[in-house]
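**Student:** sequence and predicted structure, then a few things I'm wondering about:
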2 protein chains.
Amino acid sequence: MSGNLRIAVLGGTGNLGAAIARRLAKAGRSVVIGSRSAENAEKAAAELGFGLTGMANVDAVQSCDIVILTVPFEAHASTLATIAPHVGDKLVVDTTVPLVPPKVMRVQMPAEGSAAELTRLALPEGTRVASAFHSVAAHKLITDHDVDCDVLVFGDVKADRQIIVDLCEPMGLRGIHGGALVNSAAAEALTSVLIFLNKTYQVDGAGIRITGKLVPPAA
Amino acid sequence: MSGNLRIAVLGGTGNLGAAIARRLAKAGRSVVIGSRSAENAEKAAAELGFGLTGMANVDAVQSCDIVILTVPFEAHASTLATIAPHVGDKLVVDTTVPLVPPKVMRVQMPAEGSAAELTRLALPEGTRVASAFHSVAAHKLITDHDVDCDVLVFGDVKADRQIIVDLCEPMGLRGIHGGALVNSAAAEALTSVLIFLNKTYQVDGAGIRITGKLVPPAA
C-alpha cells in the first residue's frame, strides 16, 4: 500500500520532476515539490496546481516517506550531500540518468556502474534506494495523455520496488520490477539510445515497452 | 544493399546462432555456419536445412562478407583471437551479452564498458565492428512465428549499421539504429533485465519495443 505515503519530488521545478509531481498529485497523492530554493519550489507547485506545495529540499525530505530524486546529473552529488543526513529510513527513488553533455547520445556510464549506485554510495549505509522513471519522456508525462512507455523499477528490496510499481498505476504508467539496483545501469544507458532515436528518427519522445505476457509476482 | 552479401554465423551451433542462420537462410540469403569443429558446423547446418552449410570458424570467416558472432561470453575472447587475423575489411556483428554466471539476472558489465568494446579491442584497429540482436529470444527466433521484439543496432559507421538494419527485415524483425558502438552497453545490460523478467513474471521470452513514431533516416 503506497496510497497514504507522502512523497517529495526533489528537482520538482525541472521537467521530469514537475511531470511526476503533477501526475501523482492529480491522482490524489500527497506530494510536495522540493528545490534548492523554497521560493522556486512554491512557485512551481502553484503553477502545477492539484494541491501541490513547495519547500526547500531538506524540508521536503523531512516531511515525506518517499523521496523521488529528479535533479540533473550535474546537481546529483550536491543534492545527495544535502539530504544525506535527513533520509533516515525513507525510500529514495533515483530517476537520474548520467548524461554527460555535450555527447548525450553516447552512453557514458560512471565508473561505479550507474547513477543509482552513486546514490547508494552517497547516502548512509543501509538507506533504502530504488531507481525508476528513466525512460519516460517528461514532456509527455506532464500532459493528460496516455504515455506509451513502461517504467522499469530497480532496487535490492522487492517490497521497496513494489511501492514504486504501485505508484505507477495511478500515474497511468505500467511499472515493472527490473531487478536489483545494479540493473539500473540498463535503463540509465538506454536513455542515451532514446535520445539518439529522437534525433535520428524524428521521434517525439521515444520510449520502451516490454513485450511478452507478464504475470505479476505474488505479493 | 545487403542482399548479395555472404554471411557467416559463428557459434551457429548454439541457440541464437542457429536461429539467426535459419531465418537468414530461409529468406534466401547466403549463410554459412561456423563452429570450432567443422563437423559440428556441418551437422547443425544439415539439421537446420534451407541450404545452410557448415565449416570451421576461420574458413567460415574467409568465405564471407559479414561475420555474425553468436558464441557464449566465455568463448568470446578465444573466438576473437582465432578470427582476428582473418577479418580484414569484413563487417563483424557481435551479439554477445556479457552474462557472468551464476548471477545472469544481474547486470555485470566488463570494465571496458561492453562486450562490443571488448570485440573492438580484440580485433585489428580499424576493423568494422557493429553489435545487434541482444534482446531477441533465441527460442522464439528459431520458429516461423512473428517475434515481438525490436533489434537495436549499434556501430560507429552508419552505413555498417544500415547493412544490419536491412538484414533484419527479411528475418521478420524491425532493426533500428541505436547509435555508436559504445551504446551497445544499453542493450547488453538490458538482457539481464529481460532474464529477470522471464523469471519474475513467468514470461516466455520477454523482449522490447521502441515506442513512438519512427521516421527512417535518409540513406
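**Tutor:** Nice, I can see it.
**Student:** what about whichever helix in chain A runs longest and chain B, touching?
**Tutor:** For chain A, the helix with the greatest residue count under DSSP state H is helix A:184-200. Yes. Among the residues of helix A:184-200, A:185-187, A:189-190, A:192-194, A:196-198, A:200 lie within reach of chain B under CB under 8 Å from any CB of the partner chain. All C-beta spots, glycine's among them, are computed from the backbone N, C-alpha and C.
**Student:** if I look at A:Ala132, what pLDDT would I see?
**Tutor:** In the prediction, the pLDDT value recorded for A:Ala132 is 98.
**Student:** give me the distance between it and B:Phe133.
**Tutor:** Computed as CB to CB, to the nearest Å, the A:Ala132 to B:Phe133 distance reads 27 Å.
**Student:** repeat that for A:Met55.
**Tutor:** The separation that A:Met55 has from B:Phe133, given CB to CB, amounts to 49 Å.
**Student:** the two - which one has more neighbours?
**Tutor:** Counted by other CB atoms under 10 Å in any protein chain shown, A:Met55 and B:Phe133 do not tie: B:Phe133 has more neighbours, with 29 against 21.
**Student:** shouldn't the more buried one be in contact with B:Val151?
**Tutor:** Yes. Using CB atoms under 8 Å, B:Phe133 and B:Val151 qualify as a contacting pair, with a distance of 5.8 Å.
**Student:** quick revisit: same list (the residues of helix A:184-200 next to chain B) but as JSON lines, adding distance to B:Arg161.
**Tutor:** Conversion of these to JSON lines gives the following (distance: CB to CB, whole Å):
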{"residue": "A:Ala185", "distance to B:Arg161": "23"}
{"residue": "A:Ala186", "distance to B:Arg161": "21"}
{"residue": "A:Ala187", "distance to B:Arg161": "23"}
{"residue": "A:Ala189", "distance to B:Arg161": "18"}
{"residue": "A:Leu190", "distance to B:Arg161": "17"}
{"residue": "A:Ser192", "distance to B:Arg161": "16"}
{"residue": "A:Val193", "distance to B:Arg161": "13"}
{"residue": "A:Leu194", "distance to B:Arg161": "17"}
{"residue": "A:Phe196", "distance to B:Arg161": "11"}
{"residue": "A:Leu197", "distance to B:Arg161": "13"}
{"residue": "A:Asn198", "distance to B:Arg161": "17"}
{"residue": "A:Thr200", "distance to B:Arg161": "10"}
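**Student:** need those in TSV with neighbour count, distance to B:Glu39 and pLDDT, can you?
**Tutor:** Formatted as TSV, the entries for the residues of helix A:184-200 next to chain B read as follows, by neighbours: other CB atoms under 10 Å in any protein chain shown; distance: CB to CB, whole Å; pLDDT from 0 to 100:
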residue	neighbour count	distance to B:Glu39	pLDDT
A:Ala185	31	40	98
A:Ala186	27	38	98
A:Ala187	30	43	98
A:Ala189	29	40	98
A:Leu190	30	41	98
A:Ser192	27	44	98
A:Val193	29	40	98
A:Leu194	27	45	98
A:Phe196	25	43	98
A:Leu197	25	43	98
A:Asn198	17	49	98
A:Thr200	19	44	97
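**Student:** which elements pack onto the longest helix of chain A?
**Tutor:** For helix A:184-200, the contact count by 3 or more CB pairs under 8 Å, 6 or more residues apart in numbering or on different chains; DSSP states H and E identifies helix A:115-122, strand A:128-131, strand A:150-155, strand A:174-179, strand A:207-211, strand B:174-179, helix B:184-200 as packing neighbours.
**Student:** which strands border the shortest one, and is each parallel or antiparallel?
**Tutor:** In other words, strand A:128-131. In the sheet containing strand A:128-131, its partner strands are strand A:91-94 (parallel), strand A:150-155 (antiparallel), by DSSP bridges.
**Student:** hmm, back to that, using CSV, write down the CA coordinates of the longest helix of chain A.
**Tutor:** The C-alpha atoms that make up helix A:184-200 are tabulated as CSV, following Å, rounded to 0.1, in the frame of the first residue of the first chain:
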residue,chain,number,x,y,z
SER,A,184,19.5,0.4,-13.1
ALA,A,185,22.5,0.7,-15.5
ALA,A,186,20.4,-0.9,-18.3
ALA,A,187,17.7,1.8,-18.1
GLU,A,188,20.1,4.6,-17.5
ALA,A,189,22.2,3.6,-20.5
LEU,A,190,19.1,3.2,-22.6
THR,A,191,18.3,6.9,-22.2
SER,A,192,21.2,7.9,-24.4
VAL,A,193,19.8,5.5,-27.0
LEU,A,194,16.3,7.0,-26.8
ILE,A,195,17.8,10.5,-27.2
PHE,A,196,19.7,9.2,-30.3
LEU,A,197,16.4,7.8,-31.6
ASN,A,198,14.5,11.0,-31.0
LYS,A,199,17.1,12.8,-33.2
THR,A,200,17.8,10.1,-35.8
